[in-house]
Every structure is written in structure tokens, then in C-alpha cells.
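Chemist: give me coordinates for this.
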Amino acid sequence: MTTNIQDKTTRQVLEAITKRSFCTLATTSAAHRPHVAGVLYQAVGSTLYVSTLRGSRKARNIAANPNVGVCIPVRRLPFGPPSSVQFQAVADILALDDEHLLRLVEDGALPAITKHGELTEPDGCFLRITPARRLNTYGVGMPLLTFLRDPLHAQGTVELSR
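Modeler: Residues are numbered from 1 along each chain as shown. Prediction:
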């Protein structure tokens, strides 16, 4: 029975990730200074892609330290705390002419982050953010009434299969 519940929750978490396009991305500089930025993303499976500039703080930080944190808010009601999905990940920087990136663009997998001229930006690049196996949740996968009545016990985790 536990496996079915876990599978259902994992599906709900992956659906929450793919249905959204905004998250906060936490990076750390070479001098160990944290930086958090709101970014638009496109999910392909559980991997997130973000368009940015190579000279941006987030890209510079990832070049120095590829370990990042991600938080995706999952609003279920216009009031009360949003649910969320959080995870640690490894990010890498893809050049605009990266073979993998171009294949995704050709397949139509990245429309949300490539339709505004991102592929012709002179200093442009993309971040590929690959989550660790464990994703942490807050309120995702639990009935809304239970979440509202007991927000202190709304945390959970799911494991991605690799």
C-alpha cells in the first residue's frame, strides 16, 4: 500500500513541477555568499531549464559552484500558505549552441523559455538544473482540508527513480 501512496504523491509532485513555470533558485558564490533569484523555467521531466545571461550572478555562481537549491511555490487557494516543492540540485551551464539544448528546442520542449529571443541573446546561455533524488514537499499530495487544519505536519518527501 505504501508504494501506491508514494507513487501517487510522486506523480502529483512531478505534475506540480511541470505545470508551473516560476521558482526561486538559490546559488552560492565562490566566496560562499548566498544569492536567491526568482526565475522562469521550463520542465522536461524533472529537469528544469532556465534562460539567463552568462554574466548574471546566478550563472557566475553556478560556474563556481554547481550545487543549487530550488523552491517551487504551488498555490492551491488564493489565501493561506502556498504548498511547495523544494530540492537540492546540480546545475550546469549550456551554451546556446549546445547539442542537447538545440535538440530540445527542435522537439518543441522549451517554448516557455525560448519564444522571446532567448536563443539570439549575445550573452545568453541556459541552465540545466537536475534535482537530487529526494524532493521535499510542503502540502503537496495531501488533502487541502488536512493541509489547512494541520500546516505544521504538511511536510513530506518523495524519491525520484533514476
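Chemist: just the strands in this protein please.
Modeler: Secondary structure of the chain (DSSP state E): strands at 22-28, 34-40, 42-44, 47-53, 67-74, 83-94, 124-131, 134-138, 155-159.
Chemist: now the shortest one: buried residues?
Modeler: Buried residues in strand 42-44, counted by 16 or more other Cβ atoms under 10 Å: 42-43. C-beta coordinates here come from the backbone N, C-alpha and C atoms, glycine included.
Chemist: with the first one instead?
Modeler: Within strand 22-28, the residues that qualify as buried are 23, 25-28, counting by 16+ other Cβ under 10 Å.
Chemist: swap in stretch 90-102?
Modeler: Using 16+ other Cβ under 10 Å as the test for burial, stretch 90-102 gives 91, 93-94, 96, 98, 101.
Chemist: between those, which is closest to Gly141?
Modeler: Nearest to Gly141 among the buried residues of stretch 90-102 is Ala91, at 25.7 Å by Cβ to Cβ.
Chemist: flag the shaky bits of this structure, pLDDT-wise.
Modeler: Within the chain, the segments meeting pLDDT under 70 span 1-8, 162.
Chemist: many thanks, we can stop here.
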